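Asker: here's my sequence, what's the structure:
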Amino acid sequence: MEFWIFIGFIIITVFYLVSLYNKLVAYKNRYKNAFAQIDVQLTRRYDLIPNLVETAKGYMKHEKETLQAVIQARNSAAQANKNAASNPGDPSSMKELAAAETLLSGSLGKFFALSESYPDLKANESMNNLMEELTSTENKVSFARQSFNDSVMQYNILREQFPSNIIANFYGFIAAQLLEMEEPAARKPVKVSFN
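Answerer: Numbers count the residues shown, from 1 in each chain. Okay, here's the model as predicted:
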């Protein structure tokens, strides 16, 4: 009788440990999926920026430096996003992406401030449509970032709790990094207004 109780205890323990492992895998895949949503929105944003700059080039001929800074910041952010997408949650990738996004937001802010000085550009329908799309995309990026950070937090909590922390450490489930902007001003989406 004691033998069967011992065997039952072992079977229950094994099932419990397997369920903890599976839960860690599920949470890890959730935050990876959440980052995929950020990737989609950031890619859309990166695709809009060259069109925005091209539209503005004709009007802002004397602002080549600013336009080039926006494109360079966009390219850096796109590369950082590509690196982060290959390993979401990696601390160095997330920090690189956050820094690149901060730089891009600053460049876009300067671009938008300068574009206010060009009335013909403000009246351009194509420019206004691109600005609306960019603003909408910025909002989607913010929501996607929040979802990603929530998923990362749930995963990190699970991997730190006992006894799942034993399984996490044994199978190499490392802590995931939140995607946090480095400057408080960069946490807000870029506001665009031609009124």
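Asker: what's the closest non-adjacent residue to Q79?
Answerer: Closest residue in space to Q79, ignoring its immediate chain neighbours: A100 at 7.6 Å, by Cβ to Cβ, 6 or more residues apart in numbering. Yep, even glycine has a C-beta here, placed from its N, CA and C like the rest.
Asker: residues making contact with the host helix or strand of the one you found?
Answerer: Using DSSP states H and E, A100 falls within helix 91-115. If you take Cβ atoms under 8 Å, 6 or more residues apart in numbering as the criterion, helix 91-115 is touched by 42, 49, 52-53, 56, 59-60, 63, 66-67, 69-70, 72-74, 76-77, 79-81, 83-84, 86-88, 121-122, 127, 175, 177-183, 185-186, 190, 192.
Asker: just the buried residues of those.
Answerer: 42, 49, 52-53, 56, 59-60, 63, 66-67, 69-70, 73-74, 76-77, 80-81, 83-84, 88, 121-122, 127, 177-179, 181, 186, 190, 192 (16 or more other Cβ atoms under 10 Å).
Asker: filter those down to just the ones in helices.
Answerer: For the buried ones among the contacts of helix 91-115, the ones inside helices are 42, 49, 52-53, 56, 66-67, 69-70, 73-74, 76-77, 80-81, 83-84, 121-122, 127, with DSSP state H as the criterion.
Asker: mind listing what the residue lying closest to L134 once chain neighbours are set aside touches?
Answerer: With Cβ to Cβ, 6+ apart as the criterion, L134 has its nearest non-adjacent residue at 5.2 Å, and that residue is L48. Counting by Cβ under 8 Å, 6+ apart, L48 makes contact with 130, 133-134, 137.
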